[in-house]
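> kindly return the folded structure for what I paste below:
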Amino acid sequence: MLIIAGYLEVDPEQRDAFITAHEDLLRRGRQAPGCLDLAITPDPLNRDRIYNFERWESREQLEEWRAVANAPNTEIAIKDANVMEYSVADMRPPFG
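Sure, this is the predicted structure:
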């Protein structure tokens with residue numbers, strides 16, 4: 001399993017437009033084979049921060065999705081980004 005997680009920073013006045021522009025991509029991505037979760041969400045405390053979270057069954061399925069994802073060109077400048085990919089070897093419920 002792969003997890004891609006982190007944040008992007010954009011101008012606070014453009015944050016909601018950036019998120020809205022990705023709604024179709026999210027809708028399609030969540031239906032893609034191997035997609036376990038996909039989200040682009042606003043930070044409730046930091047107006048210029050957007051969180052990116054993806055969970056995929058395999059690298060192959062992620063790469064197949066990326067080949068057809070066709071992300072929107074928002075022309076919104078990304079001021080900073082910290083998004084990383086994590087390979088998961090084990091998983092268990094966090095509580096209990």
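> how distant is stretch 64-83 from the center of its chain?
Relative to its chain's centre, stretch 64-83 lies at 9 Å (C-alpha atoms, centre = their mean, to the nearest Å).
> residue 38 contacts residue 31, doesn't it?
No: Residue 38 is beyond contact range of residue 31, at 9.7 Å (criterion: C-beta atoms under 8 Å). C-beta here means a position set from N, CA and C on the backbone, and glycine is covered the same way.
> who's more crowded, those two?
Using other C-beta atoms under 10 Å, the more surrounded residue of residue 38 and residue 31 is residue 38, with 21 against 10.
> leaving out chain neighbours, which residue sits closest to the more buried one?
Nearest residue to residue 38, sequence neighbours excluded (C-beta to C-beta, 6 or more residues apart in numbering): residue 29, at 4.5 Å.
> where do the helices of this structure begin and end?
Counting by DSSP state H, residue ranges of the helices within the chain are 15-21, 23-30, 59-68.
> pick the most deeply packed of these.
helix 15-21 (a mean of 16; mean count of other C-beta atoms under 10 Å).
> tell me which residues are up against that one.
Here helix 15-21 makes contact (C-beta atoms under 8 Å, 6 or more residues apart in numbering) with 8, 10, 40-42, 47-50, 72, 74, 76.
> list buried residues within those.
The neighbour count (16 or more other C-beta atoms under 10 Å) marks 8, 10, 40, 42, 48-50, 76 as buried among the contacts of helix 15-21.
> now do the strands in this protein.
For the chain, the strands defined by DSSP state E occupy 2-10, 35-42, 49-56, 78-87.
> partner strands of the last one, with direction?
When sheet partners are counted by DSSP bridges, strand 78-87 sits next to strand 2-10 (antiparallel).
> how about the contacts of helix 15-21 in TSV, adding distance to residue 89 and pLDDT?
Formatted as TSV, the contacts of helix 15-21 follow (distance: C-beta to C-beta, whole Å; pLDDT from 0 to 100):
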residue	distance to residue 89	pLDDT
8	27	97
10	33	98
40	26	98
41	26	98
42	31	98
47	36	96
48	34	96
49	29	98
50	28	98
72	34	95
74	35	94
76	36	97
